[in-house]
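>>> dropping a prediction and its sequence here:
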Amino acid sequence: MSELSEQRQPDAQVVSAPTDQPSLSLYAILLLVAFALIGSAFAMQAKPDWPGLMLNLAAGLVGSVVVLVFVDQRLRAKELAALRRLPVRTRQILLALVFPTNRVSLRYVRRLLVALGPLIDLKIERSQFIELEANARTGFVLRAGPGEGKTTWTQMVARSLASRYLLCEDGGRIPILFPLARWMPERRLEDALYDNFVVYTRCWRWIFDRLLHTGLIVVLLDGYEELWRAELPLEEEVKRLRRVYPRVAWTLTATDEYPDPTDFGKVVTLSPPTAEERAAIRMRIRRELDEAIIC
């Protein structure tokens, strides 16, 4: 696909998490304040002016919550889903308080999601991307031509798996997205993965090693063609790490001009973009170029 950009796509950069909109926590705080004012009013009945004032303030707060929830349509499907997930999220928070692996993994996926957002919010999700997500949970090789969406897929599947994990949904995983172009010859593969992990959160090495034993880690290795330039021992390293960490799922992206790597499971070929997808990609690239010129 010669007309599409073949430049290396940028890695995810750690940025500050955006401030979320008011949700159930805000309503709960407002109601607690209202109940506190009501309780204080009943406790101060002997003093003439304060009870009425506090009851008026409490009534105003309760009315504000009602306006936020019903009139301003704040109680959306997102809030109802949060209520349904409350028991699981509570268990997740309690586990994070007790176990450092849970605490580190939650912090990592939150920051990874923030970093991935600017990279893929404007990209085109091809029709074949969604059905490939299940393969990433067990590991496979994704083959495609240059510029046909391999890196974009790894970023999108990483966001999907991390979002599911953070929301305690089925199929959630902790993705480690690692561009093989960043693997230095003097580093073992697990050391390079650890270096990539701690970019997003502080983590002792023993905690990282324990995470690799949990069965929740999905490693997404992007750019098999890079190894042919540096002659790095990927297959030997992965074979060794499979013995040490048998529950890690390994996925590799590769162009179709190199031989298939061994010990990565099945090989899936990403079909070329359709005419509609090509048109959408061209439009997105043109818009990015226009924005760059304006800036």
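Alright, I've got the coordinates. Please read these numbers as outputs of a predicted model, since none were measured by experiment.

>>> doesn't Met184 lie inside a helix?
No - counting by DSSP: H, G, I helix; E, B strand; the rest coil, Met184 is not found in a helix; it is coil.

>>> now the closest residue to it other than its chain neighbours: how far from Trp206?
In this structure, Met184 finds its nearest non-sequential neighbour in Ala192, 7.0 Å apart by C-beta to C-beta, 6 or more residues apart in numbering. C-beta here means a position set from N, CA and C on the backbone, and glycine is covered the same way. Distance from Ala192 to Trp206, counting by C-beta to C-beta, to the nearest Å: 18 Å.

>>> if we can go back for a sec, got the buried residues for whatever helix or strand the residue nearest to Met184 lives in?
If you go by DSSP states H and E, Ala192 is part of helix 189-197. Within helix 189-197, the residues that count as buried by 16 or more other C-beta atoms under 10 Å are Leu189, Glu190, Ala192, Leu193, Tyr194, Asn196, Phe197.

>>> equivalent analysis for stretch 123-138, please.
Quick answer for stretch 123-138 (16+ other C-beta under 10 Å): Lys123, Ile124, Arg126, Gln128, Phe129, Leu132, Glu133, Asn135, Ala136, Arg137.

>>> what are the contacting residues of that stretch?
142, 149, 152-153, 155-157, 160-161, 171, 173, 175, 218, 220, 249, 251, 265-266, 268, 270-271, 273-274, 277, 280-281, 284 (C-beta atoms under 8 Å, 6 or more residues apart in numbering).

>>> restricted to buried residues, select those residues in PyMOL.
Filtering the contacts of stretch 123-138 down to the buried ones (16+ other C-beta under 10 Å) takes a single PyMOL command:
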select buried, resi 142+149+152+153+155+156+157+160+161+173+175+218+220+249+251+268+270+273+277+280+281
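
>>> now, the contacts of stretch 123-138 that are in helices?
Thr152, Trp153, Gln155, Met156, Val157, Ser160, Leu161, Glu277, Ala280, Ile281, Arg284 (DSSP state H).

>>> my guess is the second one contacts Val268. True?
No - Trp153 is beyond contact range of Val268, at 10.6 Å (criterion: C-beta atoms under 8 Å).

>>> what do those two both touch?
Looking at what touches both Trp153 and Val268 (by C-beta under 8 Å, 6+ apart), the common residues are Leu132, Leu142.

>>> what helix or strand does Arg126 sit in?
Per DSSP H and E: nothing holds Arg126, as it lies in no helix or strand.

>>> grab the nearest non-local neighbour of Trp228.
Closest to Trp228 by C-beta to C-beta, 6+ apart is Tyr258, at 6.1 Å.

>>> and the gap between the one you found and Gly63?
Taken as C-beta to C-beta, the span from Tyr258 to Gly63 is 66 Å.

>>> could you do Arg173 as well?
Distance from Arg173 to Gly63, by C-beta to C-beta: 44 Å.

>>> now Asn102
39 Å.

>>> before we move on, what about Leu112?
Taking C-beta to C-beta, one finds Leu112 at 40 Å from Gly63.

>>> which one of those two has more residues nearby?
Legend: neighbour count by other C-beta atoms under 10 Å for Leu112 and Gly63, higher for Leu112 (26 against 11).

>>> so that one, which of the three states?
Leu112 ends up helix, using three-state DSSP.

>>> quick one: contacts for it?
Contacts of Leu112 by C-beta under 8 Å, 6+ apart are Ala12, Ala158, Ala162, Pro175, Leu177, Tyr200.

>>> in the chain, which spans are strands?
Ranges of strands in the chain, per DSSP state E, are 141-144, 174-179, 217-222, 249-255, 267-269.

>>> what about those, which gets the closest to Arg91?
Closest of these to Arg91 is strand 174-179, at 17.1 Å (criterion: C-beta to C-beta).

>>> can you list the strands that that closest one pairs with?
strand 217-222 (parallel) (DSSP bridges).
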